[in-house]
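Novice: next input, structure requested:
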Amino acid sequence: MAKAIQNLSTKGPVMIKALMDDAQPKFQTFLKYAKVELTPPTPADIPQIRSGIQRLMSGFRTGKWKQLTVRDAWLNTLVTAEVCFWFFVGECIGKRSIVAYKV
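Specialist: Residues are numbered from 1 along each chain as shown. Next up, the predicted model:
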């Protein structure tokens, strides 16, 4: 038992330093993408959002959605499923129950 504690006390700091050295670049990459992807839209983004919605609506009216490749259609399906998934997860978190609202 004493030998195990001695081993842990000598190898522990080395293992923690190796873990921190390995995690640091990954954490920096996460922060780089988090600053871009997790920020809310600003007022400067509104024209870009508006034009995207107009392109979507005109593509729907002209039937451009029928010209999608299978890859793009599958990607759109996955994005829609992800949005629905997070909506329902948020609902469950908000009502603090999976089944129904507690009255």
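Novice: which residues in the protein form helices?
Specialist: Taking DSSP state H, the helices of the chain run over residues 2-37, 46-62, 70-95.
Novice: list the buried residues in the longest one.
Specialist: Neighbour-count burial for helix 2-37 flags no residue at all (criterion: 16 or more other C-beta atoms under 10 Å). Placement of C-beta: from N, CA and C, glycine included.
Novice: which strands or helices does the helix or strand bottoming out on mean pLDDT in the chain pack on?
Specialist: In the chain, no helix or strand scores lower on mean pLDDT, DSSP states H and E than helix 2-37, which sits at a mean of 84. The helices and strands touching helix 2-37, judged by 3 or more C-beta pairs under 8 Å, 6 or more residues apart in numbering; DSSP states H and E, number zero.
Novice: how distant is that helix from the center of its chain?
Specialist: Taking C-alpha atoms, centre = their mean, to the nearest Å, one finds helix 2-37 lying 23 Å from the centre of the chain it belongs to.
Novice: cool, stretch 42-56 as well?
Specialist: With C-alpha atoms, centre = their mean, you get 21 Å for stretch 42-56.
Novice: got the CA coordinates for it in PDB?
Specialist: C-alpha atoms of stretch 42-56 as PDB (Å, rounded to 0.1, in the frame of the first residue of the first chain):
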ATOM      1  CA  THR A  42     -25.200  40.900 -34.300                       C
ATOM      2  CA  PRO A  43     -27.200  43.700 -36.100                       C
ATOM      3  CA  ALA A  44     -24.500  43.600 -38.800                       C
ATOM      4  CA  ASP A  45     -25.500  40.000 -39.600                       C
ATOM      5  CA  ILE A  46     -29.200  40.800 -40.200                       C
ATOM      6  CA  PRO A  47     -28.900  41.700 -44.000                       C
ATOM      7  CA  GLN A  48     -27.000  38.400 -44.500                       C
ATOM      8  CA  ILE A  49     -29.700  36.500 -42.700                       C
ATOM      9  CA  ARG A  50     -32.500  38.200 -44.600                       C
ATOM     10  CA  SER A  51     -30.800  37.400 -48.000                       C
ATOM     11  CA  GLY A  52     -30.400  33.800 -46.900                       C
ATOM     12  CA  ILE A  53     -34.100  33.500 -46.100                       C
ATOM     13  CA  GLN A  54     -35.000  35.200 -49.400                       C
ATOM     14  CA  ARG A  55     -32.800  32.700 -51.300                       C
ATOM     15  CA  LEU A  56     -34.500  29.800 -49.500                       C
END
